[in-house]
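Trainee: sharing a sequence plus its predicted fold:
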Amino acid sequence: TAGITQAPTSQILAAGRSMTLRCTQDMRHNAMYWYRQDLGLGLRLIHYSNTAGTTGKGEVPDGYSVSRANTDDFPLTLASAVPSQTSVYFCASSLENGNEQFFGPGTRLTVL
Amino acid sequence: GENVEQHPSTLSVQEGDSAVIKCTYSDSASNYFPWYKQELGKRPQLIIDIRSNVGEKKDQRIAVTLNKTAKHFSLHITETQPEDSAVYFCAASGGSNYKLTFGKGTLLTVNP
């Protein structure tokens, strides 16, 4: 069982370009989340999905979009990247919202 | 929305000593309080959690206490070891949306 995976591991992106971060889980978890982690700011929720077909905004959603076409996948898209989006991005999943969250290995994104 | 404050931001102890990290939360409806450990370059991993119907929970050298009246909860690590060195995050969820809100983290260093 792979658990929860993310791709790519790291990426350098030119400002203004678009990028999709991929997240896949094989645990049949209903809820999935995207966080960004910045030094001194902890983990901040970008978007979440309680179940396939639904999404919601977190604490810092601006500049990001998500989709949840099926249970396993929860991609995060940056339509036009800006340097302030340089961060480490973690995807997570839980059986239901309000239960233990399992984190993916993270994607380190640098926007120049 | 929920606001979680975590203290201290850094903590240095000698091997064998105890370490205590404290968190406060603002939403009285929160009912789930997990603690995550994140080693350098790794993903956050759950080490212990507590729900609001319990005042204390222990797992070997780790314990968490919850004071619902005061809206604070604490992580206690006894007999610390160098491998306990990591960043620890508290979080709270519940109320209307069950999303996790994280504290900003505590860097724990255990000196041999």
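Mentor: Received it, and whenever you're ready, just let me know what you need. Numbering: from 1, shown residues only, chains lettered A, B, ... in the order given.

Trainee: any residues of chain B in contact with chain A? List them.
Mentor: Selection of chain B residues close to chain A by C-beta under 8 Å from any C-beta of the partner chain yields B:1, B:6, B:9, B:32, B:34, B:42-46, B:49, B:89, B:93-94, B:97-105. Backbone N, C-alpha and C define where each C-beta goes, glycine included.

Trainee: ChimeraX command for the buried members of those residues?
Mentor: A single ChimeraX command selects the buried members of the residues of chain B next to chain A (16 or more other C-beta atoms under 10 Å in any protein chain shown):
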select /B:6,32,34,43,44,49,89,93,94,97,98,99,100,101,102,103,104,105
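
Trainee: so where's chain A shaky on pLDDT?
Mentor: A:1 (pLDDT under 70).

Trainee: sec struct for the residue nearest the centre of chain A, please.
Mentor: For chain A, the residue nearest the mean C-alpha position is residue A:34 (3.1 Å; C-alpha atoms, centre = their mean). Under DSSP: H, G, I helix; E, B strand; the rest coil, residue A:34 falls in the strand class.

Trainee: distance check, it against chain B.
Mentor: 12 Å (C-beta to the nearest C-beta, to the nearest Å).

Trainee: ignoring the adjacent residues along the chain, who's closest to that residue?
Mentor: residue A:46 (4.4 Å; C-beta to C-beta, 6 or more residues apart in numbering or on different chains).

Trainee: which strand or helix spans that neighbour?
Mentor: strand A:42-49 (DSSP states H and E).

Trainee: what is that strand packed up against?
Mentor: strand A:31-38, strand A:56-57, strand A:64-66, strand B:101-102 (3 or more C-beta pairs under 8 Å, 6 or more residues apart in numbering or on different chains; DSSP states H and E).

Trainee: can you give me the strands in chain B?
Mentor: Assigned by DSSP state E, chain B shows strands spanning B:4-7, B:10-14, B:19-25, B:30-38, B:45-51, B:56-59, B:62-67, B:72-77, B:86-94, B:101-102, B:106-111.

Trainee: between those strands, which gets nearest to residue A:18?
Mentor: Across those, residue A:18 has its closest neighbour in strand B:101-102 (27.8 Å, C-beta to C-beta).

Trainee: elements contacting the closest one?
Mentor: With 3+ C-beta pairs under 8 Å, 6+ apart as the test, strand B:101-102 has strand A:42-49, strand B:86-94 packed against it.

Trainee: want to throw the helices and strands packed on strand A:42-49 into CSV with distance to residue B:84?
Mentor: Below are the helices and strands packed on strand A:42-49 laid out as CSV (distance: least, C-beta to C-beta, whole Å):
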stretch, distance to residue B:84
strand A:31-38, 21
strand A:56-57, 35
strand A:64-66, 34
strand B:101-102, 20
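
Trainee: of those strands, which is nearest residue B:55?
Mentor: Taking the helices and strands packed on strand A:42-49 one by one with C-beta to C-beta, strand B:101-102 is closest: 21.4 Å.

Trainee: from the chain's centroid, how far away is that closest one?
Mentor: Distance, stretch centre to chain centre, for strand B:101-102: 11 Å (C-alpha atoms, centre = their mean, to the nearest Å).
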